[in-house]
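Engineer: Starting from these lines, generate the structure:
(chains A and B)
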Number of protein chains: 2
Amino acid sequence: MNIEVMNGLLTPKSVAVVGASTKPGKIGHTVLMNLIDSNYAGGIFPINPKAEEILGLKCYPSVLDVPDQIDSAILTIPAKFVPDVVVQCGEKGIKGLNIITSGFSEVGKQELEHHIVELAHQYGMRILGPNIVGVLSNSDKFNGSFAPFLPLPGSGSLVSQSGALLIGIDAATYLRKVGFDKLISIGNMSDVNFSDTIEWLDQDENTTCISLYIEGFKDGRKVIEAARKAKKPIIGLKAGVSAHGAAAAASHTGSLAGAAKIYKAAFRQAGIIEAENLDNLFDRTLVLSLQPPMKGDNLLIITNGGGVGVLGTDAAEKFGVPLKYAPEDIQAELKKYMPPFGSAKNPVDLTGMADTDWYYGSVKYAIAHPWVDGLVVLYCETAMTDPQEIAQCIKRAIKDSGVKDKPVTISYVGGEKSEKAMHWLLKNGIPAYGAPDLAINAMAALNEYAKIKEAVNDLGEDIDNVDKQKALEIIKKARADGRNALTEIESKRVFEAYSLPVTRSELTTTKDEAVEVAEKFGFPIVMKIVSPDILHKSDAGGVVIDIQNVDGIRKAFNEIITNAKTYNTKANIHGVVVQEMAPWGTEVIIGSVNDRTFGPTVMFGLGGIFVEVLKDVTFRVAPFSKKQARQMISEIRGAPILAGVRGEKPCDREAIANIICKYAFMIIDLQDEISESDANPVVVYEEGNGLKVVDARIILKKK
Amino acid sequence: MNIEVMNGLLTPKSVAVVGASTKPGKIGHTVLMNLIDSNYAGGIFPINPKAEEILGLKCYPSVLDVPDQIDSAILTIPAKFVPDVVVQCGEKGIKGLNIITSGFSEVGKQELEHHIVELAHQYGMRILGPNIVGVLSNSDKFNGSFAPFLPLPGSGSLVSQSGALLIGIDAATYLRKVGFDKLISIGNMSDVNFSDTIEWLDQDENTTCISLYIEGFKDGRKVIEAARKAKKPIIGLKAGVSAHGAAAAASHTGSLAGAAKIYKAAFRQAGIIEAENLDNLFDRTLVLSLQPPMKGDNLLIITNGGGVGVLGTDAAEKFGVPLKYAPEDIQAELKKYMPPFGSAKNPVDLTGMADTDWYYGSVKYAIAHPWVDGLVVLYCETAMTDPQEIAQCIKRAIKDSGVKDKPVTISYVGGEKSEKAMHWLLKNGIPAYGAPDLAINAMAALNEYAKIKEAVNDLGEDIDNVDKQKALEIIKKARADGRNALTEIESKRVFEAYSLPVTRSELTTTKDEAVEVAEKFGFPIVMKIVSPDILHKSDAGGVVIDIQNVDGIRKAFNEIITNAKTYNTKANIHGVVVQEMAPWGTEVIIGSVNDRTFGPTVMFGLGGIFVEVLKDVTFRVAPFSKKQARQMISEIRGAPILAGVRGEKPCDREAIANIICKYAFMIIDLQDEISESDANPVVVYEEGNGLKVVDARIILKKK
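Structural biologist: Presented below is the predicted three-dimensional model:
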């Protein structure tokens, strides 16, 4: 990212409005007016060959006629004129183009869009848009958009993929009293993408946290990369997670890999905090822009009402920061600030009798106590206390404690007095919310942020003993046969090339050969038909398990071939695979998709009913560290089964983590070839005893 | 419920304030002032033996000195004086007592509380409280509380178990612009309970819906009964659902029966709509007090912004009203109200170009179309349209459509103009919310309400062939032995007395007897130790399964007895049970708890890992209809397993529904005896082939 160019694009020192209009109501007029109204201090150059002057500013026929330097051009002209103007801007030495104009890829004109990006890049320019509302920046007093005013000032910045929503949010900042420094409409993302804006906002000194409204990333992998490196908190609201209108999936792993699940995984890997909805985006932006992370899990709640205390306790469990009883010393000290019928356990209930002294004393003590990692103060408006005084004493208590590295959030349940007190707290850097669960949810975001940043790890695991060439040969051969699905045995050979432990198996074409292989492997043996034309081997009578001796092998061979030929007279039969029979163990599934947005992505879950009925699976975008693989194993609902239930010994989870990482390496290494894959089932044994891939499936990318 | 007495208590025509005080700040002063300030038109009689006049009202030494009739007395005197005053009030012929005074059961003084209730009942009086804030009613201009003012007027009424929260909510009504007609603080519920207030509010002509803030019901069964009968929507927020501070459970089913799950079941059976948090209580009260139920599942969204449309679509799926594409005729008609790049599919995106004409036309057409069961209109503030005009045209469109039986909710994303428009809509009976998911959640509440009311069924299933006497004899015998746990075989005999199909089993004390029984049942056979001192039979080597012949029976008998004696030399051994071995099938668990709040409650779930690891179980308070039993079977996560997965035939779900109903009957019939029970596993066969209870366990109530 060229900082100078991006600065020119997003915080220009001078700007041209190409398509500036004399007619009020036209976007080319509105943008010019907004620049003036926002008290923008830089040069503003309206470009319109037919006008002399607009809104008191001298007009120029083209950017080339402007004598001064121009950092950025805002384009409001019709799409067909854009390419020429891009060239003029390039010739003029402009750094960035904010293309408000619509009528590009969003209406099917991808080529025109590619064309203008190519032109811009020839001159080293970057394009924001097209099809955007524009850029708004409080710290630059710059409203380079057709949204009517700058948002309420704040310290977070928002990047929105929906222009309409950005305008709505702009207005809503005043209503919700949650401000932003910058609003950036990202439009069609023909050039400047979420990853660019994350990278740029991360170094912008006026932004403390980055909020994203996302409908879909263009290059998910780049966004993960940028977010991983970011030093500021990032909050993402992903819209479009419902099944309504989603495309039907083609394969097993594919059918389990909804956009919502993969985005969730990607957010986690990238260290992006998720917002559940629009309100939550505001609420979490507020807290992450104002408060430090909650480093630890000990949450203390101080309240003046049992009711809100109970609601807060419920919310704490719901949002992943469940309450624990406070240690004895805290309880003993806090008892000084409540009547005998109060409770110091946690939630700390100062009761309705709580005045400013009690709030002050308890908050000041609690925030400074080493056990406390985060403090939520709840206040329920009473007839006896003044909300504003409570706000002031909380602020004073925090200040007097001298503590700066622990987070505090507040909730007020009450009327207009409470609202004023909350706004006062906000202005003083303490996020306050209108209900206890919101204050808890905000605190939970700070806890998630601390944890997520700890787990972010940008290194995939390197693996040894890889024979990529061998894998490619197997794939090449299948392609030469006109197939894009590998047979089980081919898939296993590819897995083997990446050191995945598969059950030993060999393709045999005669009874004698089968006997020979079986004797080599040892009994019991499983035999299966191998034919690209028979996908459902069991249905075709093409599988015999638990074969105990040589006679069984001969019998099974005949049976399988006969059944297969009956099942599909035209089937191309490669032969019969002879396979060692894996001893009984716990079945898991590992699979992959090559996601349109994120590329190679690994799925993990428990096998059988867990995956088929409960869809109890989890994802990670490859590559990722072994730490992430271990997280996958522990985050599925069926995790206790792998840990050992009802006296059973734990499964070899470390072996699972290893194979997941190898799998990730494989699908990255072969990402040009593999579209989807399953290792299903993988049978896992007791700790220390490893695992075996029993069945394998690879679907190739269409070429 | 005596309506006249309840009216006297909650909407009195005249009221005495016993403990009226001359000192501002005292509750006895505040209440009097509030009655005056709320313009209460009835008689107000301050009672204070030491004052002549307070706040311009003549004072009386006692209620007996008041010459006029008094409907209700509000008590603010110290607890110790309450009993005498109750008697005086009774003598005076007062109907109801609002006891604000605290210092009763909430501080351990249960006896004093019982005493005053007994006294009141002797005079036919009802008590609200003690330990309440009071009662507030807009339609009666009556603030009989120490909350500072009447809430914003509205048509729902709220009953709150937290006084502090009630005061907070009172103030918050002005902030949120969601009003209430009545606020009732229910306090310790010594007498008037949630069921009474539900019953009374259901007939109150100024209340259209009933909101409850619940920490815990006293008699859950009565509440279910009252709610079932109510004709108005009821919304419940249950606080205290987290595990923090909850008592540890004693048994298997008990450990799975958290308060949250049983309340959820009870709400469903009672037809109470759940609120997730405080905001949701406000939001859902608003919609249920203003809009008709959504009778059907076809939700249409009309929006002017893709972004909010997508967020709305996500919310629709999340809240259980997923979108479907609109039929062709709707799409064709709605295309008239949008530019070519709009979408009429659903969500219907009129685009940012949408003006009042398009909103008017599309809303008027859509709401009247028979396919549409509910309509959500989303608006994102733009620079081009006026929020207020949009509001007015939506209102006009609904009116002009002539449709009155279909619900509409609205969402505005925007600033202060949008807020004003939303308030205008609210005043005009159309609920409007500040984010798309909130409008969808409100619509989902109307959909839930229609469904929940349909499923409410107050009839339990009667069952034939019950031998209660036999069951009681078995229980009596165990109690005579000093036991409060029945053995497996005793438990099965009790189950049999209620026609539950158990595996045939008999207690034997000699090898010959065992052989005789086994031959009668037929092989294979299972044998198990029977001893009240050996709970974990397998651990003691006390179980042998799959016995195929007479020799096996003799061998197993010796083995089991020897193992048991070795395991516990002091064990009282009843003998060995010989049991038919149930063929393999799908294992489910049915169990019961005798819940403190709700009484006998049935649990159902899939067996094994599903219940032990995933805790995939569901509850119903007994008795309930077979319809509810069928719901239980279909609402567990593992339901597809019972329906048949991977080509397997469906289980005999009708047999499960039958046994669940019989189980419910049994635990109701024996509720004085059974504390907890498990039928685990119950093996279920293919459709039409029934099921068998394989193991049984009954824990008796301590007597």
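Engineer: ok, which stretches of the stretch 301-450 of chain A are helices?
Structural biologist: Counting by DSSP state H, counting those that start in this stretch, the segments of the stretch 301-450 of chain A that form helices are A:306-318, A:328-334, A:356-368, A:387-401, A:416-427, A:436-455.
Engineer: Who are the contact partners of the closest residue to residue A:419 other than its chain neighbours?
Structural biologist: Among residues not flanking residue A:419 along the chain, residue B:175 sits closest, at 5.6 Å (CB to CB, 6 or more residues apart in numbering or on different chains). For the C-beta atoms, the positions are set from N, CA and C on the backbone; glycine is no exception. With contact taken as CB atoms under 8 Å, 6 or more residues apart in numbering or on different chains, residue B:175 is in contact with A:414, A:415, A:416, A:418, A:419, A:434.
Engineer: With respect to chain B, which of the residues you listed is nearest?
Structural biologist: Each of those was checked against chain B using CB to the nearest CB; the closest is residue A:415, at 3.0 Å.
Engineer: count of neighbours near the closest one?
Structural biologist: 24 (other CB atoms under 10 Å in any protein chain shown).
Engineer: Next, the contact list for it, please.
Structural biologist: With contacts taken as CB under 8 Å, 6+ apart, residue A:415 has the following neighbours: A:381, B:170, B:171, B:172, B:173, B:174, B:175.
Engineer: Including pLDDT, could those residues go into CSV?
Structural biologist: Compiled in CSV, the contacts of residue A:415 are given as follows (pLDDT from 0 to 100):
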residue, pLDDT
A:381, 92
B:170, 96
B:171, 95
B:172, 95
B:173, 96
B:174, 94
B:175, 91
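Engineer: which of the residues you listed has the most neighbours?
Structural biologist: Highest neighbour count within those, by other CB under 10 Å: residue A:381, with 30 neighbours.
Engineer: Report pLDDT for residue A:426.
Structural biologist: At residue A:426 the predicted local distance difference test score is 94.
Engineer: ditto for residue A:375
Structural biologist: As summarised for this prediction, residue A:375 has a pLDDT of 98.
Engineer: Could you do residue A:246 as well?
Structural biologist: Among the per-residue scores, residue A:246 holds a pLDDT of 58.
Engineer: now do residue A:251
Structural biologist: Note on residue A:251: pLDDT of 46.
Engineer: circling back to that earlier point, can you classify the residue nearest to residue A:419 as helix, strand or coil?
Structural biologist: Counting by DSSP: H, G, I helix; E, B strand; the rest coil, the backbone at residue B:175 sits in helix.
Engineer: Now do it against residue A:412, distance only.
Structural biologist: Noted for residue B:175: a distance of 10 Å to residue A:412, by CB to CB, to the nearest Å.
Engineer: And residue A:321, by the same measure?
Structural biologist: For residue A:321, the distance to residue A:412 - CB to CB - is 20 Å.
Engineer: more crowded one of those two?
Structural biologist: Neighbours per residue (other CB under 10 Å) separate residue A:321 from residue A:412, with residue A:412 holding more: 31 against 25.
Engineer: rewinding a little: buried deepest among the helices of the stretch 301-450 of chain A, which one?
Structural biologist: Of those, the one with the most neighbours on average (mean count of other CB atoms under 10 Å in any protein chain shown) is helix A:306-318, at a mean of 26.
Engineer: name the helices or strands packed onto it?
Structural biologist: Taking 3 or more CB pairs under 8 Å, 6 or more residues apart in numbering or on different chains; DSSP states H and E as contact, the helices and strands that helix A:306-318 lies on are strand A:299-303, strand A:374-380, strand A:408-413, helix A:436-455, helix B:163-176.
Engineer: which SSE is the residue in chain A sticking out farthest from the centre in?
Structural biologist: Farthest-out residue of chain A from its mean C-alpha position, per CA atoms, centre = their mean: residue A:551, at 55.9 Å. Following DSSP states H and E, one finds residue A:551 within helix A:550-567.
Engineer: And that helix, what's buried?
Structural biologist: Of the residues in helix A:550-567, A:550, A:552, A:553, A:554, A:556, A:557, A:560, A:561, A:563, A:564, A:567 count as buried by neighbour count, 16 or more other CB atoms under 10 Å in any protein chain shown.
Engineer: I figured residue A:104 was touching residue A:188, is that so?
Structural biologist: Yes. Taking contact to mean CB atoms under 8 Å, the distance of 5.8 Å between residue A:104 and residue A:188 places them in contact.
Engineer: Quick check: chain neighbours aside, which residue is closest to the residue most central in space within chain A?
Structural biologist: Per CA atoms, centre = their mean, the C-alpha nearest to the average position across chain A is that of residue A:267, at 2.2 Å. In space, and not counting its chain neighbours, residue A:267 is closest to residue A:274: 5.4 Å by CB to CB, 6+ apart.
Engineer: Could you give the bridge partners of the one you found?
Structural biologist: residue A:236 (DSSP bridges).
Engineer: low pLDDT regions in chain A?
Structural biologist: For chain A, the stretches flagged by pLDDT under 70 are A:245-258, A:457-460.
Engineer: Check whether residue A:523 sits in a helix, strand or coil.
Structural biologist: Three-state secondary structure (criterion: three-state DSSP) places residue A:523 in coil.
Engineer: Please report phi then psi for it.
Structural biologist: Comment: the main-chain dihedrals of residue A:523 come out as phi -90, psi 160, following degrees, to the nearest 10.
Engineer: Correct me if wrong: it contacts residue A:549.
Structural biologist: Yes. Counting by CB under 8 Å, residue A:549 is a contact partner of residue A:523 at 6.4 Å.
Engineer: Tell me who's in contact with residue A:561.
Structural biologist: Counting by CB under 8 Å, 6+ apart, residue A:561 touches A:529, A:573, A:576.
Engineer: Look up the closest residue to the residue of the stretch 201-350 of chain A found nearest chain B, ignoring the ones flanking it.
Structural biologist: Closest approach between the stretch 201-350 of chain A and chain B, counting by CB to the nearest CB: residue A:307, at 2.9 Å. Of all residues not flanking residue A:307 in the chain, residue B:162 sits nearest, at 2.9 Å (CB to CB, 6+ apart).
Engineer: you'd agree the one you found is up against residue A:305?
Structural biologist: Yes. The pair residue B:162 / residue A:305 is scored as a contact, 6.6 Å apart, by CB under 8 Å.
Engineer: between the two, which one's more packed in?
Structural biologist: In this view residue B:162 and residue A:305 are compared by other CB under 10 Å, and residue A:305 has more residues nearby, 29 against 25.
Engineer: Just list the residues touching that one, thanks.
Structural biologist: Residues in contact with residue A:305 (CB under 8 Å, 6+ apart) are A:349, A:351, A:352, A:378, A:380, A:413, B:162, B:164, B:165, B:168.
Engineer: Quick one: list the elements packing against the helix or strand where residue A:286 lies.
Structural biologist: In the assignment (DSSP H and E), residue A:286 maps to helix A:278-290. Other helices and strands packing on helix A:278-290, by 3+ CB pairs under 8 Å, 6+ apart, are strand A:156-160, helix A:163-176, strand A:209-214, strand A:234-238, helix A:436-455, helix B:436-455.
Engineer: Done for today, thanks.
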